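Enquirer: coordinates only, no sequence provided:
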């Protein structure tokens, strides 16, 4: 996985590792709700978790084996 910030002064992170996938409904709902609480607030967590953690969703876990990150490349 690679994330690239194209805005100056430019940064990136590259993560290599072992990936596991899950479509198990209870896991999807648990993680979707936890992420919704973090980013949208506890009051909306259940509603959004059910919306984004339903059928068609996929839970991806990465066990990192190698990470390279650089921040502020042009500073």
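Expert: Yep, that arrived. All of these numbers come straight from a predicted model, not from anything done at the bench.
Enquirer: rounded mean pLDDT for stretch 65-75, please.
Expert: On average, the pLDDT along stretch 65-75 is 95.
Enquirer: what about that stretch, distance to the chain center?
Expert: Using CA atoms, centre = their mean, to the nearest Å, the distance from the centre of stretch 65-75 to the centre of the chain it belongs to is 19 Å.
Enquirer: for the helix ranked longest in the chain, give me every contacting residue.
Expert: Ranked by residue count and defined by DSSP state H, the top helix of the chain is helix 25-40. The contact list for helix 25-40 (CB atoms under 8 Å, 6 or more residues apart in numbering) reads 22, 44-50, 52-54, 57-59. (Glycine included, C-beta is placed from N, CA and C.)
Enquirer: neighbouring contacts of the very next helix or strand once past that helix?
Expert: Helices and strands here follow DSSP states H and E; after helix 25-40, the next one along the chain is helix 42-52. Contacts to helix 42-52, defined as CB under 8 Å, 6+ apart, come from residues 29, 32, 33, 34, 35, 36, 37, 40.
Enquirer: could you rerun that using 7 Å?
Expert: The contact list for helix 42-52, computed with CB atoms under 7 Å, 6 or more residues apart in numbering, reads 29, 32, 33, 36, 37, 40.
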